[in-house]
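Novice: sharing a model that was predicted from the sequence below.
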Amino acid sequence: MTAVVDRPLDEPELVERARRGDFRAWETIVRRYQGIAFRTAYVLSGNAADAEEAAQDGFVKAYRALGRFRRGAPLRPWLLRIVANEARNRRRSAGRRERLALRAAVEDRPGDAVPSPEAALLAREARERLLAAVERLSDDHRDVVACRYFLQLSEEETAAALGVRRGTVKSRLARALERLREELS
Amino acid sequence: MTELERRLLALEIAVPEGPDLAPAVLARIEGRPFPWRRAAVLGIAVAAVAIAAAFAVPQARTSILRFFHLGAATVERVDTLPPAVERSKTKGLGRALPLDAAEDAVGFRLALPPLRERPEHAYVLGGELASVFLHAHGQTVLLSELRSSNELLLKKMAGDATFVEPAQVGGSPGIWIAGAPHTLTYVDRHFGYHQQAILVRGNVLIWIRGPLTLRLEGKLTRAQAVELARSIH
């Protein structure tokens, strides 16, 4: 007797189905990547409403561009590129970049020694100084720092999201870190 | 990895919880009329009623430059705002009723954000519009709700110095109004004005949730208003 196993479709199958007009396959992809898409758009725009619109428009445009998506290529960097482009377009048209903020309370991790209130305050101030220095960078430098460290994207994904070569990511990152060291010294 | 890179990795950036994008994305790729577009089409039909209402009162006889319509709300871009009165905190909101009685009066359960305690009272206008005061981001915010299909129309008029932009709340369409003061008038779709225009100095977010049109008014930024609106169920 053969058991019928309900297995989740892998990504290339989902993409192929979506390409043939299977909306439910695209829905699965949207739900799989909407978290990182929204976070990417938010970190680039600093605005939740713009990020939501950018991520939504990005998924719609990506679906319509599936015919141009190279079979077998990783989907996530391609999606992030479209969403990031939408977010940066909104930032440009708004003529401003909203500042990011630190989380209100950083939870203690198990095993961490509990800092004194004074030490916690100093650590918080140091983190805020660092974030303020990142926000003072040029858009190109700030975006590469945000993608690599805040979103923890790989070099390849950062290059895809920002629409530049990997070499450009490396050189921008080196210059951004140098600028930050100067600012903080 | 350098010490600076370690510190950058350890920064914990506040990122709001992302919305579920799938319903709106699917609606758009399936070619179903997305609520925003449907609202725009509906707006053309309702525009005639709103124009008639605007011209029914001489003081409001001003050039209407553009329309936005959403659910039970219409926003008109005008060259001159009509005469309007300042609203005291609760005047013009209708009768104060215990929350349950207010819900009975309007015939629907009020959508609210997660609260430790439900508000004791709501204000009910014309048996159609219910309003409650909320506290969010250190501000007092007015939340108003009515059925999109009701006869009552929230009519806003905005001049050049007021931003009127499309917005989205968890995949639902909305309108964000900010900047210079604008006016609010409750209009009966068939019989004209309900009351004199009120000057609104805060920012306003209007959005659709199921059969309801909701409106938030207060000194919130767009992101704060959208975040609060998303939590209202």
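Specialist: Everything's here; your move. Residues are numbered from 1 along each chain as shown, chains lettered A, B, ... in the order given.

Novice: remind me which residues of chain B are low pLDDT?
Specialist: Applying pLDDT under 70 to chain B flags residues B:31-67, B:87-90, B:150-152, B:188-196.

Novice: in it, which residue sits closest to chain A?
Specialist: Using C-beta to the nearest C-beta, the closest approach of chain B to chain A is made by B:Gly18 at 3.2 Å. Yep, even glycine has a C-beta here, placed from its N, CA and C like the rest.

Novice: show me how chain A divides into domains.
Specialist: A:9-95, A:117-185 (automatic domain parsing).

Novice: need the three-state assignment for the nearest residue to the residue of chain B closest to chain A once chain neighbours are set aside.
Specialist: Sequence neighbours aside, A:Phe38 is the residue nearest to B:Gly18 in space, at 3.2 Å (criterion: C-beta to C-beta, 6 or more residues apart in numbering or on different chains). Under DSSP: H, G, I helix; E, B strand; the rest coil, A:Phe38 falls in the helix class.

Novice: what sits against the spatially most central residue of chain A?
Specialist: Chain A has A:Thr40 as the residue nearest its centroid, 2.6 Å off, counting by C-alpha atoms, centre = their mean. Contacts here follow C-beta atoms under 8 Å, 6 or more residues apart in numbering or on different chains; on that basis A:Thr40 touches A:55, A:80, A:83-84, A:87, A:147, A:151, A:153, A:161.

Novice: let's see that with 6 Å instead.
Specialist: Contact partners of A:Thr40, counting by C-beta atoms under 6 Å, 6 or more residues apart in numbering or on different chains, are A:80, A:83-84, A:151.

Novice: give me the neighbour count for the residue of chain A found nearest chain B.
Specialist: Chain B sits closest to A:Phe38 of chain A, with a gap of 3.2 Å, by C-beta to the nearest C-beta. Look at A:Phe38: counted by other C-beta atoms under 10 Å in any protein chain shown, it has 25 neighbours.

Novice: so which residues on chain B come close to chain A?
Specialist: B:4, B:7-9, B:11-16, B:18-19, B:21-22, B:24-26, B:28-30, B:167-168, B:222-223, B:226 (C-beta under 6 Å from any C-beta of the partner chain).

Novice: same thing but at 7 Å, please
Specialist: Within chain B, the positions near chain A by C-beta under 7 Å from any C-beta of the partner chain are B:4, B:7-9, B:11-16, B:18-19, B:21-22, B:24-26, B:28-30, B:167-168, B:222-223, B:226-227.

Novice: quick one: which of the residues you listed sit in helices?
Specialist: By the criterion of DSSP state H, membership of the residues of chain B next to chain A in helices covers B:4, B:7-9, B:22, B:24-26, B:28-29, B:222-223, B:226-227.

Novice: contacts only, for the residue nearest to B:Gly18.
Specialist: By C-beta atoms under 7 Å, 6 or more residues apart in numbering or on different chains, the contact list for A:Phe38 reads A:51-52, A:55, B:18.

Novice: give the buried residues for the helix or strand harbouring B:Met157.
Specialist: Element membership for B:Met157, per DSSP states H and E: strand B:152-158. Buried positions in strand B:152-158, judged by neighbour count with 16 or more other C-beta atoms under 10 Å in any protein chain shown: B:152-158.

Novice: need the next SSE after the lowest-mean-pLDDT helix or strand in chain A, C-terminal direction.
Specialist: Of all helical and strand segments in chain A, the minimum by mean pLDDT, DSSP states H and E falls on helix A:117-135, at a mean of 83. Next along the chain after helix A:117-135, taking DSSP H and E as the criterion, comes helix A:139-145.

Novice: SS state for A:Arg179?
Specialist: A:Arg179 is classified as helix under three-state DSSP.

Novice: and it, what does it touch?
Specialist: A:Arg179 makes contact with A:137, A:141, according to C-beta under 7 Å, 6+ apart.

Novice: just A:Glu156 next, same as before
Specialist: By C-beta under 7 Å, 6+ apart, the contact set of A:Glu156 is A:77, A:166.

Novice: output the set of residues of chain A in proximity to chain B.
Specialist: Taking C-beta under 7 Å from any C-beta as the contact definition, chain A meets chain B at A:23, A:26-27, A:30-31, A:34-35, A:38-39, A:42-43, A:47-49, A:52-53, A:55-56, A:59-60, A:63, A:100-104, A:106, A:127, A:130-131, A:145, A:149-150, A:177, A:180-181.

Novice: which of these fall within helices?
Specialist: Judged by DSSP H, the residues of chain A next to chain B include A:23, A:26-27, A:30-31, A:34-35, A:38-39, A:42-43, A:48-49, A:52-53, A:55-56, A:59-60, A:63, A:127, A:130-131, A:145, A:177, A:180-181 as members of helices.

Novice: could you dump the buried residues of strand B:152-158 to CSV with distance to B:His135?
Specialist: Formatted as CSV, the buried residues of strand B:152-158 follow (distance: C-beta to C-beta, whole Å):
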residue, distance to B:His135
B:Leu152, 26
B:Leu153, 29
B:Leu154, 23
B:Lys155, 28
B:Lys156, 24
B:Met157, 29
B:Ala158, 27
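
Novice: count the residues that sit near A:Glu135.
Specialist: By other C-beta under 10 Å, neighbour count at A:Glu135 equals 15.

Novice: find the nearest non-adjacent residue to it, please.
Specialist: According to C-beta to C-beta, 6+ apart, the nearest residue to A:Glu135 is A:Arg99 (5.1 Å).

Novice: and the one you found, how far from A:Asp10?
Specialist: 40 Å (C-beta to C-beta, to the nearest Å).
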